[in-house]
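J.: Sequence and computational prediction follow.
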Amino acid sequence: MKKLLLCMLIIAGVFTAFNASAQKKGPRPSPPDTVKAVTKNGVDITIAYSQPSLKGRTVGNEIAPFNGKVWRTGANEATTIEFSKAVKIEGKELPAGKYGLYTIPGEKECVVIFNSVWKIWGLNYTLDEATGSKTDVLRITVKTAKAPETSEKLKFSIEKSGKVSFVWGDYLVAFNVK
C-alpha cells in the first residue's frame, strides 16, 4: 500500500512539474507598448500596440508591403486606438470609443482604417480590401513621409496638437485629430 501511495505521489509530482513548465511563457517577440496623451482640445487618446522589429527587413518590401493589402499596424493582437470624445480625423467625424487600427501601406499614401472590431489576435480582417469591411467605421488617406530618424521597432507618438504618427524604419505616417 505504501508503494502504491508513493508511486501515485511521484506521478502527480511529474504531471504538476510538466504542467507548470508547459504554461511558462517566454518573452514576447514583439513587446507591447502603450502611448497616451491629452490633446489641447481635451481629448484623451490611447494607443496600445505591439512593437515588431525590422530585423534587416524593409518596410514596403518584406514587411508591411506596398501591395494594397491591409496590415494590422503592429504585431500580436490588434493595435487599438481609443478616443475619450467624438473627434474629427483629417476633417472626418469619428465617435468616441475604442477601435482596431489598421493600415494599407503605400509608398506615397497610406490608408488608415478605424474598425469597430478591436479585441482580436493577428490579422483577422475579412473584407473586400478595395471597398472595406462592414465593420470599418472610418477610412482616411494620408501622405507618407520619410522619417527624420529610422526606428528599428514600430513606434507611435501623440502630440498635444492632436497629431498622431507612427514610424518604422524610415516610413512615417501621420494624421490629425481635432
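T.: Alright, I've got the coordinates. Numbers count the residues shown, from 1 in each chain.

J.: hey, let's count contacts and neighbours off CA atoms from now on
T.: OK.

J.: Output stretch 65-75 as PDB, nothing but the C-alphas.
T.: This file holds the C-alpha atoms of stretch 65-75, laid out as PDB (Å, rounded to 0.1, in the frame of the first residue of the first chain):
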ATOM      1  CA  PRO A  65       4.400  45.500 -48.200                       C
ATOM      2  CA  PHE A  66       3.100  48.200 -50.500                       C
ATOM      3  CA  ASN A  67       0.800  45.800 -52.300                       C
ATOM      4  CA  GLY A  68      -2.700  47.200 -51.500                       C
ATOM      5  CA  LYS A  69      -3.300  44.700 -48.600                       C
ATOM      6  CA  VAL A  70      -4.400  45.500 -45.100                       C
ATOM      7  CA  TRP A  71      -1.700  45.500 -42.400                       C
ATOM      8  CA  ARG A  72      -2.600  45.200 -38.700                       C
ATOM      9  CA  THR A  73      -0.200  48.100 -37.900                       C
ATOM     10  CA  GLY A  74       1.700  46.200 -35.300                       C
ATOM     11  CA  ALA A  75       2.100  42.600 -34.100                       C
END
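
J.: Any stretches of the chain with poor pLDDT?
T.: Across the chain, residues meeting the criterion (pLDDT under 70) sit at 1-29, 122-132.

J.: make it 50
T.: 4-12, 14-24 (pLDDT under 50).

J.: Check which helices and strands the longest strand along the chain sits against.
T.: In the chain, taking DSSP state E as the definition, the longest strand is strand 136-158. Strand 136-158 makes packing contacts with strand 32-38, strand 92-94, strand 109-115, strand 163-176 when contacts are defined by 3 or more CA pairs under 8 Å, 6 or more residues apart in numbering; DSSP states H and E.
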